[in-house]
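Visitor: sequence-free structure coming up:
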């Protein structure tokens, strides 16, 4: 199979995602399809494929399974996150645990994770080592976040550590693996890693900003929930945006709404936006080590679309 | 590093299990160590290493990481199982979710699973493909079991399917990988697979029998719980041991105890024991394709110790 066009490749990724969860255990199949077909931005597979192309990769067919795997890591996390966060909706659909119950949601997340492993196996190393490391980081980040939500002990540094591990690590791995798959030079791979890592930070900062300023309708999930879980929310501390104290420290009568209003008024959102732009520029700097091409332009455009997204 | 003795190797596996969960995220480290240090029979690593030795493998050092990985798959499952089964204890210790809460237990299970991936990565293929497939099967088996517990729709065939996937698959993979790692002939590997698969069935049958006849003290977990969850419990149906109806179909006033008594009296346990012996003999038949050696004798002995264990 030969694929030369990224849109065709991304369609093939969707097909791969669905075909890999084909099993005679109906609940696993149904619940997996439910979350996969609920869509998502697919920014991680897109990043991987663009990095591959920008590194001179021609036959996108060889990137399909690995691109699907990287999206599936993210998907597995969403299923487990929604259990832990008690979120009822995801991407405008019922969360898996709301529809199938917590037991099956836990198992579905586990199942998707085993499928990541299955998709990745044929690539050998260094791909499996890179992916394994990214997965470890991701779970560490999720755990730090759960801790911050529980203890209320969250400051700027902790927030940065959380988003670096839970989001930036996987973006970094996607960009790195795209480059390696195309046989890029060490310098190009290093540039792509810098790009991916900082794009991940940008993405998460924007996500957290949107969580405060966006509307529930646009996001397809309840607004303010991330705030409620004590994550990704900003306040001004010494002129810098930091994560807010957890909602448990707030007073009654719709404290989340009050907090959100306070943040809108405090200037914290503007500061967070500037930080996102700074991370975006760091991502752009990483591209200096990537040879000029139309695909490098696309990687540049991706930074802007991450910065400018509204939902 | 050179290791020539299985006891030394198994000690090295323990060290590998602990060192691989070393992280700055304290809860993950503490909860992982808690479950790892609670012990366990370590029958899967033992199986892998014996298969390696019986296939002519000399330097056990090369089997340590993969043996640790196979134990860690099982360990990760235990943590998630205990959440789903609402088990308060595991191996005489508080279950992870009882000590750290459900959120952190879910994340700890995920974390252990990412560490399986990390341990396995250096082995490349076919090892990663074999392990991935076994992990997929395991989660499928767990899901079938959760379904049976929920719907009460469990018969002999379903029970066999459940234990084949949730237990025998991983045993099969352990034996196969041990053989492959030592460069065994295809015939020996096929024999080891048959051995491992049937040893897994035997092991699970015995586990489920002990769950009915054992004492809570010996097992380190509440007796009758597996029954309560609708799994691994036998009744006589057309002269064959089959899984019992779920506890929800039973009457009040300690229905679990009543059920257990009924099973003890019905002869179902004796039939299940005979089935376990039959599976044990099938495992032994697999060894016919393995060359004679002291390690093959150990594999034979392993069948007997699985059949004769009391806790």
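Guide: Happy to help now that I have it. What you see is a predicted model, and the numbers here were worked out from it, not measured in a lab.
Visitor: now do stretch A:160-170: distance to the chain's middle.
Guide: In terms of C-alpha atoms, centre = their mean, to the nearest Å, the centre of stretch A:160-170 is found 9 Å from the chain centre.
Visitor: what segments of chain A are strands?
Guide: Secondary structure of chain A (DSSP state E): strands at A:89-90, A:93-94, A:234-237, A:240-243.
Visitor: out of those, which gets the lowest mean score?
Guide: Among those, strand A:234-237 carries the lowest mean pLDDT, at a mean of 45.
Visitor: flag the shaky bits of the stretch 1-150 of chain A, pLDDT-wise.
Guide: Along the stretch 1-150 of chain A, the model assigns pLDDT under 70 to no residue.
Visitor: would you map the helices across it?
Guide: A:6-20, A:26-37, A:43-54, A:64-85, A:96-100, A:102-120, A:127-151 (DSSP state H, counting those that start in this stretch).
Visitor: distance to residue B:147 added to the ones you listed, as JSON lines?
Guide: For every residue, glycine as well, the C-beta is placed using N, CA and C. Below are the helices of the stretch 1-150 of chain A laid out as JSON lines (distance: least, C-beta to C-beta, whole Å):
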{"stretch": "helix A:6-20", "distance to residue B:147": "21"}
{"stretch": "helix A:26-37", "distance to residue B:147": "6"}
{"stretch": "helix A:43-54", "distance to residue B:147": "32"}
{"stretch": "helix A:64-85", "distance to residue B:147": "18"}
{"stretch": "helix A:96-100", "distance to residue B:147": "11"}
{"stretch": "helix A:102-120", "distance to residue B:147": "8"}
{"stretch": "helix A:127-151", "distance to residue B:147": "27"}
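Visitor: so which residues on the stretch 51-200 of chain A come close to chain B?
Guide: With the criterion set to C-beta under 8 Å from any C-beta of the partner chain, the stretch 51-200 of chain A comes near chain B through A:80, A:83-84, A:102-104, A:106-107, A:109-111, A:113-115, A:117-118, A:120-122, A:124-125, A:128-129, A:131-133, A:135-136, A:138-140, A:142-144, A:146-147, A:150.
Visitor: ok, of these, which come out buried?
Guide: A:80, A:83-84, A:102-104, A:106-107, A:109-111, A:113-115, A:117-118, A:120-121, A:128, A:131-133, A:135-136, A:138-140, A:142-144, A:146-147, A:150 (16 or more other C-beta atoms under 10 Å in any protein chain shown).
Visitor: from the stretch 151-300 of chain A, which residue is nearest to chain B?
Guide: Among the residues of the stretch 151-300 of chain A, residue A:165 lies closest to chain B, at 8.7 Å counting by C-beta to the nearest C-beta.
Visitor: that residue contacts residue A:134, correct?
Guide: No - using C-beta atoms under 8 Å, residue A:165 is not in contact with residue A:134, being 9.4 Å away.
Visitor: joint contacts of the two?
Guide: With C-beta atoms under 8 Å, 6 or more residues apart in numbering or on different chains applied, the contact sets of residue A:165 and residue A:134 do not overlap.
Visitor: quick one: contacts for the nearest residue to residue A:69 once chain neighbours are set aside?
Guide: Excluding the flanking residues, the one nearest residue A:69 by C-beta to C-beta, 6 or more residues apart in numbering or on different chains is residue A:119, at 3.9 Å. The contact partners of residue A:119, by C-beta under 8 Å, 6+ apart, come to A:16, A:20, A:65-66, A:68-69, A:72.
Visitor: need the max-distance pair from those.
Guide: Farthest pair in those (C-beta to C-beta) is A:20 and A:66. Separation: 12.2 Å.
Visitor: and the longest helix seen in chain A, what's its mean pLDDT?
Guide: Longest helix in chain A, counting residues (DSSP state H): helix A:186-213. Averaged across helix A:186-213, pLDDT comes to 94.
Visitor: in it, what counts as buried?
Guide: Those would be A:188-212, for helix A:186-213 by 16+ other C-beta under 10 Å.
Visitor: that older thread, what is the neighbour count of the residue of the stretch 151-300 of chain A closest to chain B?
Guide: By the measure other C-beta atoms under 10 Å in any protein chain shown, the count of residues near residue A:165 is 23.
Visitor: tell me how far residue A:42 lies from chain B.
Guide: To chain B, residue A:42 is 22 Å away according to C-beta to the nearest C-beta, to the nearest Å.
Visitor: got it, and residue A:304?
Guide: Counting by C-beta to the nearest C-beta - residue A:304 and chain B are separated by 33 Å.
Visitor: which residues touch that residue?
Guide: Neighbour list for residue A:304: residue A:280 [criterion: C-beta under 8 Å, 6+ apart].
Visitor: and if you look at residue A:50?
Guide: A:6, A:178, A:295, A:298-299, A:302.
Visitor: list the contacts of the nearest residue to residue A:273 once chain neighbours are set aside.
Guide: Leaving aside its sequence neighbours, residue A:273 sits nearest to residue A:209 (C-beta to C-beta, 6+ apart; 6.2 Å). When contacts are counted by C-beta under 8 Å, 6+ apart, residue A:209 touches A:234, A:269, A:272-273, A:276.
Visitor: now those residues as JSON lines including neighbour count and distance to residue A:33?
Guide: Listed next are these as JSON lines, based on neighbours: other C-beta atoms under 10 Å in any protein chain shown; distance: C-beta to C-beta, whole Å:
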{"residue": "A:234", "neighbour count": "27", "distance to residue A:33": "36"}
{"residue": "A:269", "neighbour count": "20", "distance to residue A:33": "37"}
{"residue": "A:272", "neighbour count": "25", "distance to residue A:33": "36"}
{"residue": "A:273", "neighbour count": "17", "distance to residue A:33": "36"}
{"residue": "A:276", "neighbour count": "22", "distance to residue A:33": "33"}
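Visitor: so how far is residue B:124 from residue A:26?
Guide: 34 Å (C-beta to C-beta, to the nearest Å).
Visitor: with residue A:98 instead?
Guide: Distance, residue A:98 to residue B:124, using C-beta to C-beta: 40 Å.
Visitor: before we move on, what about residue A:203?
Guide: Distance, residue A:203 to residue B:124, using C-beta to C-beta: 32 Å.
Visitor: same thing with residue A:97?
Guide: Residue A:97 is 36 Å from residue B:124, by C-beta to C-beta.
Visitor: do residue A:42 as well
Guide: 29 Å.
Visitor: same deal with residue A:154?
Guide: 40 Å.
Visitor: now swap in residue A:145 and tell me
Guide: 33 Å.
Visitor: then residue A:52?
Guide: 21 Å.
Visitor: neighbour count for residue A:20 and residue A:66, which is higher?
Guide: Higher neighbour count among residue A:20 and residue A:66: residue A:66, with 27 against 20, using other C-beta under 10 Å.
Visitor: helices of the stretch 151-300 of chain A, start to end?
Guide: Under DSSP H, counting those that start in this stretch, the stretch 151-300 of chain A gives helices at A:156-163, A:169-181, A:186-213, A:216-219, A:225-228, A:255-266, A:268-286, A:294-308.
Visitor: how far is the third one from where the chain is centred?
Guide: Per C-alpha atoms, centre = their mean, the displacement of helix A:186-213 from the mean C-alpha position of its chain is 9 Å.
Visitor: picking that back up, so for the contacts of residue A:209, which is the shakiest by pLDDT?
Guide: residue A:234 (50).
Visitor: is residue A:138 in contact with residue A:168, as I believe?
Guide: No - taking contacts as C-beta under 8 Å, residue A:138 lies outside contact range of residue A:168: 9.8 Å.
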